[in-house]
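Trainee: Structure for this input, please:
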Amino acid sequence: MKRTLAKFKERQFLKKVAIVLVIILLIGSYVLYKELAGRVFIDDSLIQAPIITISPSTGGAVQEMDVTEGQTVQKGDTLAIVGSQYLRAQTDGLIITAPDLTGSSVSPQTQLIQMIQPVDLRIAGTIDENKGLNQIKVGQVVSFTVDAFPGQTFWGYVDEIAPTAKTAQLSFSISSERPTQQFVVYANFDAAKYPQIRNGMSAKMTVYTQTY
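Mentor: Predicted coordinates for the structure are as follows:
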């Protein structure tokens, strides 16, 4: 009789433990769901700034190349001389490409030098149209990590959502499957606050959709 009572109590105890574990699991699942439900993850992201292209207004021979890749310039600095034309920086910036074309003949279509303004650095993330794009709005808070700085988290906000897909595929396959389009989401951040972040670095971005 005592043994039967002990087994009964043990079963009751195990039932209570099982119920508590189920409740904890349900609460944990709900909390995790609520946390993830307000986030959109964009793993394919890149740090970049709008590129400023320097080209001569008329063709001619390159007399001098006065800048090199990685050089910082100020507004008014001479960048190159083509024929009798002095190409000057229209703004402060960072030279990202400047091949030595001294002695070569170039046309007005030649992209002689490319530069960026580091203050204009932002994150460009590529996302499939069916992976939460409809939840993203300008102004939402963004956190991001940069592959070059593991363990560090940076912050910004959604600045722009591309109005068109990266590649507009108009043709369909024989199976009539609709291709999934990709859009670019841009996020701004305080470049002065994060001076270690450089143009071209790979990143991962998280958009907090409930912060709008």
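
Trainee: residue ranges of the strands in the chain, please?
Mentor: 39-48, 52-54, 60-65, 72-73, 78-82, 85-88, 93-97, 105-106, 113-116, 122-128, 141-146, 154-161, 182-188, 202-208 (DSSP state E).

Trainee: Nearest to residue 196 among those would be which one?
Mentor: When the strands of the chain are compared by Cβ to Cβ, strand 141-146 sits nearest residue 196, at 8.4 Å. For glycine as for every other residue, the C-beta is placed from the backbone atoms N, C-alpha and C.

Trainee: Report the mean confidence score over the closest one.
Mentor: What strand 141-146 shows for mean pLDDT is 96.

Trainee: That strand: partners in the sheet, and parallel or antiparallel?
Mentor: With DSSP bridges as the test, strand 141-146 is paired with strand 154-161 (antiparallel), strand 202-208 (antiparallel).

Trainee: How far does the last one sit from its chain's centre?
Mentor: If I follow you right, that is strand 202-208. 6 Å (Cα atoms, centre = their mean, to the nearest Å).

Trainee: and the direction of it versus that of strand 122-128, what angle?
Mentor: Going by axes from the mean of the first three to the mean of the last three Cα atoms, to 10 degrees, strand 202-208 is angled at 80 degrees with respect to strand 122-128.

Trainee: One more: the longest one?
Mentor: Strand 154-161 runs at 60 degrees relative to strand 122-128, counting by the same axes, to 10 degrees.

Trainee: Strand 154-161 vs strand 39-48, what angle?
Mentor: Going by the same axes, to 10 degrees, strand 154-161 is angled at 90 degrees with respect to strand 39-48.

Trainee: What residues of strand 154-161 count as buried?
Mentor: By neighbour count with 16 or more other Cβ atoms under 10 Å, strand 154-161 contains the buried residues 154, 156-158.

Trainee: go on, stretch 192-200?
Mentor: Neighbour-count burial for stretch 192-200 flags 194, 197 (criterion: 16+ other Cβ under 10 Å).

Trainee: Straight-line length of it, end to end?
Mentor: 17 Å (Cα to Cα, to the nearest Å).

Trainee: mind listing what the nearest residue to residue 211 once chain neighbours are set aside touches?
Mentor: Once flanking residues are discounted, residue 211 sits nearest to residue 141: 4.1 Å by Cβ to Cβ, 6 or more residues apart in numbering. Contacts of residue 141 were listed using Cβ atoms under 8 Å, 6 or more residues apart in numbering, and they are 155-157, 207-208, 211.

Trainee: With residue 204 instead?
Mentor: 41-43, 45, 144-145, 147.

Trainee: wait, doesn't residue 117 sit right on residue 89?
Mentor: No: using Cβ atoms under 8 Å, residue 117 makes no contact with residue 89, being 10.4 Å away.

Trainee: what about those two, which has more around it?
Mentor: More neighbours surround residue 89 than the other of residue 117 and residue 89, with 19 against 14 (other Cβ atoms under 10 Å).

Trainee: Quick check: that one touching residue 80?
Mentor: No: at 10.5 Å, residue 89 and residue 80 do not qualify as touching, with contact defined as Cβ under 8 Å.
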